[in-house]
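In: After the sequence you'll find the predicted model.
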Amino acid sequence: MSHFAIEGGHPLAGTVVPSGNKNAAMPLAEACLLTDDPITLHNMPEIGDVETVLDLLRGLGVDVQRSGSTVMLCARNLHTSEPDSRSFSQIRGSLTLMGPLLARCGHFAVKTTVKRRRYRAAKRIDTHLHVFRSLGASFERNHHFQLDAPNGLRGKDILLDEQSVTATENALMAAALARGTTILRNAASEPHVQDLCHLLVAMGCPIQGIGSNTLVIQGQEKLHGAEFTVGPDYVEIGSYIGLGAITPGELRIEGIVPDHLRMMEMVFVDRLGVRMRVEHDPKATNGSGFALVVDGEQDLCIAADFGGAVPKIDDQPWPAFPPDLMSIALVTATQAKGDGADPREDVRWPPLLRGQARVDGRADHSMRSAPRCRRRPQSAPVGSTSPAPTSACGMALVLAACCRRRHPHRQHPADRPRVSADRRKTEKSWRTDQSALKNDA
């Protein structure tokens with residue numbers, strides 16, 4: 001589907017179950033390359049990126065069997081360590097194939113062209129290369145992106161130059177089969193990184209410090225199979241929180257992990273006044289045992305900082321507020337009373353800047369200096385036709401549409417196509433001629 005036509009102004013109520021975390025599902029599937037035994041993963045999201053990873057694994061010789069949200073993988077007949085270049089270049093999740101293939105085969109190569117980064121938010125792989133070199137691998141790029149470790153990998157104390165999620169995941173999987181102990185400092189600690197750590201532990205690799213920024217991995221000669229359930233997508237949960245906050249009706253979100261919501265509570269509850277509560281739910285679908293209930297009647301109010309200052313919302317690497325939820329917080333803030341909030345997206349600013357023009361309908365906003373902006377709530381958004389450059393902005397647009405006032409196909413003045421100067425001159429001349437004819441008559 002290329003577009004959604006959303007009629008807002010209706011109450012939303014019911015129960016939703018968040019899907020499995022896509023960012024966890026991809027490295028968890030790729031971890032099957034570390035063993036000959038089968039790996040069974042439950043709650044796998046059925047989306048395009050995950051299917052692309054599974055196709056990449058099939059091309060390497062992995063036996064992949066899917067039954068609904070359960071996937072079984074077995075890499076006993078692995079026959080190559082060079083993935084298909086076309087599929088590899090489609091998604092960034094394919095980068096985490098490097099660690100397990102290098103650890104198991106001592107070699108990784110792909111025909112690819114590394115393009116020059118043209119803007120600030122473009123992804124870099126230097127942290128990955130730093131990890132592999134530290135573990136004893138060599139890197140070469142000559143029409144191939146190639147890593148080699150003919151004598152195997154050896155554990156080392158490594159300080160990452162940034163808290164890169166995919167670099168941390170690559171380091172974890174490479175260190176799992178490296179000789180000796182590997183210490184990762186300044187490591188990422190997002191829930192999907194924690195999921196990978198727990199799977200590796202279940203496969204027989206001891207890891208200390210899970211959930212912190214320092215991980216200690218005891219390398220093993222061989223790992224065995226395991227069964228694991230992918231954790232819920234906390235970004236999807238945060239989107240549901242925003243949706244429940246700005247529309248009438250009680251929304252129940254099943255299968256949540258309370259520890260993943262601490263910073264969301266500080267933003268949505270403490271800063272924006274959303275009323276929600278965690279309840280024990282032994283019947284939760286994914287076995288977490290908890291559900292989150294967003295109250296049906298909300299009285300959103302932005303809480304000022306000390307001295308009446310405009311509160312700010314910062315996004316930073318985990319456990320701080322996730323960047324993908326900044327646009328959701330923006331929409332929620334436009335529906336709250338108070339003097340406004342100061343959202344600051346310092347991790348990935350282009351999605352915020354691209355989506356800001358439509359994310360809040362007609363809520364007043366003023367740019368100060370990129371990537372920072374301030375928005376003050378005034379009224380419910382009005383409907384318009386709006387593009388969604390990213391999934392995060394797309395979800396924010398859905399939220400804004402759910403509380404809008406006007407038909408979604410009626411154009412906002414800013415949405416109307418621009419008219420060329422020649423056309424404007426022709427139309428002006430035609431109107432002048434018509435006016436002259438009427439006067440003569």
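Out: Ah, there it is.

In: which phi and psi does the residue nearest to Pro282 when sequence neighbours are not counted have?
Out: Counting by CB to CB, 6 or more residues apart in numbering, the nearest residue to Pro282 once its immediate chain neighbours are dropped is Gly289, at 5.9 Å. For the C-beta atoms, the positions are set from N, CA and C on the backbone; glycine is no exception. Gly289 adopts backbone torsions of phi 90, psi 10, taken as degrees, to the nearest 10.

In: again, but for Leu215
Out: Taking degrees, to the nearest 10, you get phi -120, psi 140 for the backbone angles of Leu215.

In: dump the residue contacts of the residue nearest to it when sequence neighbours are not counted.
Out: Nearest residue to Leu215 in three dimensions, chain neighbours excluded: Leu184, at 4.4 Å (CB to CB, 6+ apart). Contact criterion CB atoms under 8 Å, 6 or more residues apart in numbering gives Ile158, Leu160, Thr168, Ala171, Leu172, Ala175, Thr214, Leu215, Val216, Ile217 as the residues in contact with Leu184.

In: which ones among those residues are found in helices?
Out: With DSSP state H as the criterion, helices contain Thr168, Ala171, Leu172, Ala175 from among the contacts of Leu184.

In: Let me see the contact set for the last one.
Out: So that's Ala175. With contact taken as CB under 8 Å, 6+ apart, Ala175 is in contact with Ala103, Leu135, Leu153, Gly155, Thr182, Leu184, Ile217, Gly219.

In: Is it correct that Val294 is in contact with Val278?
Out: No: Val294 lies out of contact with Val278 (CB atoms under 8 Å); the separation is 11.0 Å.

In: out of these two, which sits in the busier spot?
Out: Val294 (24 against 14; other CB atoms under 10 Å).

In: Tell me what the more buried one is bridged to.
Out: Leu251, Met276 (DSSP bridges).

In: Please apply the same query to Thr40.
Out: Met72, Glu227.

In: Return the alpha-carbon coordinates of stretch 143-163 using CSV.
Out: C-alpha atoms of stretch 143-163 as CSV (Å, rounded to 0.1, in the frame of the first residue of the first chain):
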residue,chain,number,x,y,z
HIS,A,143,36.6,-4.5,-5.7
HIS,A,144,35.8,-6.6,-2.6
PHE,A,145,35.2,-5.8,1.0
GLN,A,146,37.2,-8.5,2.6
LEU,A,147,38.2,-9.6,6.1
ASP,A,148,40.6,-12.4,6.9
ALA,A,149,41.7,-14.1,10.1
PRO,A,150,43.5,-17.3,8.9
ASN,A,151,44.8,-18.0,12.4
GLY,A,152,41.5,-17.3,14.1
LEU,A,153,40.5,-14.5,16.4
ARG,A,154,42.0,-13.7,19.8
GLY,A,155,40.3,-11.9,22.6
LYS,A,156,41.3,-8.4,23.6
ASP,A,157,40.3,-5.4,25.7
ILE,A,158,38.6,-3.1,23.2
LEU,A,159,37.3,0.5,23.6
LEU,A,160,34.7,1.4,21.0
ASP,A,161,34.9,5.0,19.6
GLU,A,162,31.1,5.2,19.6
GLN,A,163,28.2,3.2,21.1
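
In: distance between it and the chain's centre?
Out: What separates the centre of stretch 143-163 from the centre of its chain is 26 Å, taken as CA atoms, centre = their mean, to the nearest Å.

In: again, but for stretch 301-310
Out: The offset between the C-alpha centroid of stretch 301-310 and the centroid of the whole chain comes to 29 Å, using CA atoms, centre = their mean.

In: Which positions within that stretch qualify as buried?
Out: Burial within stretch 301-310, assessed by neighbour count using 16 or more other CB atoms under 10 Å, is assigned to Ile302.
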